[in-house]
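K.L.:
Generate a structure from the sequence data that follows.
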Amino acid sequence: MLALVVFIVLVALLFDFFNGFHDAANSIATVVSTRVLTPLQAVVWAAFFNFVAAFGFGVSVATTVGRGVVHPEVIDQWVILAGLLGAIAWDVITWYWGLPTSSSHALIGGLAGAGITKAGFGSLVPAGLIKIGVFMVLAPLIGFGVGLLMMLLTLWTFRNAHPGRVDRLFRRLQLVSAGAYSLGHGTNDAQKTMGVIAVLLFSTGHLGPHFYVPFWVILSAHAAIGLGTLFGGWRIVRTMGMRITKLRPVGGFSAETAGAITLIGTAIGGIPVSTTHTISGSIMGVGSITRFSAVRWGVAGRIVVAWVFTIPAAGLVSALTWFLLHLAGA
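P.N.:
Next up, the predicted model:
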């Protein structure tokens with residue numbers, strides 16, 4: 001049993017690595033597309049703040065994921081393993097296609113699909129899934145709105161300044177906004193893996209009578225997502241940073257700041273939102289200020305379609321994985 005638990009913990013950390021790898025573009029696309037940093041500099045910058053996030057924002061999202069998707073009494077090591085494998089498979093598929101889908105929703109869909117296969121729809125926690133579903137819609141809208149307002153405020157504040165001076169100023173400020181966004185990305189996404197590992201340890205009797213997230217789990221999850229970001233997902237950078245809309249440093253700053261505000265706020269509230277949805281909405285909000293046609297809505301539409309299919313697709317892969325494990329005598 002202990003060997004199996006250790007193996008599943010390693011699979012969870014592998015998912016966390018893929019999460020960082022897959023979502024690296026979200027953290028660095030704007031700062032790379034505005035040429036403030038080279039891709040290598042950007043991933044190092046983002047990975048550092050992904051890890052630093054371990055020390056400041058609690059574990060509310062981890063608790064929501066660990067206890068708010070599938071009822072704890074239904075969860076066992078096989079449900080968790082099937083959920084993780086389904087999420088990893090969907091991440092790899094969408095990385096190959098260059099689609100910035102949500103690793104977070106892939107994980108939630110994976111856990112839900114495995115739980116349903118084992119114990120039916122009654123295994124799900126309606127309140128937790130409703131909260132996640134509501135913010136699946138709200139996160140990109142909040143990002144869009146905050147990005148639009150940030151861009152309007154910035155343009156109004158610097159309306160009389162020389163364009164060259166504004167560009168130089170925001171090239172420096174974008175380092176701050178990129179770091180802040182990576183903090184939000186790290187704290188929201190790493191906590192989802194923490195929640196999975198913690199509920200695995202709890203369901204197998206390794207945490208005692210009370211659910212909590214051990215500190216070694218926190219550090220491991222942030223280290224894994226930081227390493228994934230360091231390796232980067234270059235296929236998705238082009239979609240996020242260059243194909244949705246063309247950004248200047250002032251736009252990159254506004255989009256990253258909007259994303260950071262949204263992600264850190266929802267992390268404190270214990271809401272597991274998608275970092276991908278959030279930054280995509282922020283970029284669209286910033287791009288729409290120039291002119292509505294500046295946003296390539298065809299590309300945005302492909303991204304939205306991928307978002308819609310993420311939870312059911314990851315759920316189906318996880319359901320099949322659980323069924324195969326069951327047939328194998330697990």
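K.L.:
Okay, buried residues for stretch 140-152 please.
P.N.:
Judged by neighbour count using 16 or more other CB atoms under 10 Å, the buried positions of stretch 140-152 are P140, I142, G143, F144, G145, V146, G147, L148, M150, M151. The C-beta positions use only the backbone N, C-alpha and C, and glycine is treated the same way.
K.L.:
With distance to A62, secondary structure and pLDDT as added columns, please give these in a markdown table.
P.N.:
Shown next, in a markdown table, are these (distance: CB to CB, whole Å; DSSP: H, G, I helix; E, B strand; the rest coil; pLDDT from 0 to 100):
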| residue | distance to A62 | secondary structure | pLDDT |
| --- | --- | --- | --- |
| P140 | 23 | helix | 85 |
| I142 | 22 | helix | 92 |
| G143 | 22 | helix | 90 |
| F144 | 27 | helix | 90 |
| G145 | 27 | helix | 93 |
| V146 | 25 | helix | 93 |
| G147 | 27 | helix | 91 |
| L148 | 31 | helix | 91 |
| M150 | 29 | helix | 90 |
| M151 | 33 | helix | 90 |
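K.L.:
Where does the prediction get shaky in the stretch 51-200 of the chain?
P.N.:
For the stretch 51-200 of the chain, the stretches with pLDDT under 70 are 98-100.
K.L.:
now the helices for it?
P.N.:
60-67, 77-97, 103-119, 126-157, 163-203 (DSSP state H, counting those that start in this stretch).
K.L.:
tell me the pLDDT at H22?
P.N.:
pLDDT for H22: 71.
K.L.:
ignore the last one, V43
P.N.:
At V43, pLDDT is 80.
K.L.:
residue closest to the middle of this protein?
P.N.:
Geometric centre of the chain, nearest residue: T275, 3.9 Å, by CA atoms, centre = their mean.
K.L.:
Report the contact partners of it.
P.N.:
Applying CB atoms under 8 Å, 6 or more residues apart in numbering to T275 gives the contacts D23, N26, S102, S104, G184, H185, N188, D189, G259, L263.
K.L.:
would you turn those into a markdown table with distance to I218 and neighbour count?
P.N.:
A markdown table is the format used below for the contacts of T275 (distance: CB to CB, whole Å; neighbours: other CB atoms under 10 Å):
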| residue | distance to I218 | neighbour count |
| --- | --- | --- |
| D23 | 19 | 32 |
| N26 | 21 | 35 |
| S102 | 22 | 31 |
| S104 | 17 | 29 |
| G184 | 16 | 28 |
| H185 | 16 | 31 |
| N188 | 14 | 25 |
| D189 | 13 | 35 |
| G259 | 22 | 34 |
| L263 | 17 | 33 |
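K.L.:
picking that back up, out of the buried residues of stretch 140-152, which is nearest to G122?
P.N.:
Of all the buried residues of stretch 140-152, G122 sits closest to P140, with 30.7 Å by CB to CB.
K.L.:
Isn't W78 up against A328?
P.N.:
No - contact criterion CB atoms under 8 Å: W78 and A328 do not qualify, at 10.1 Å.
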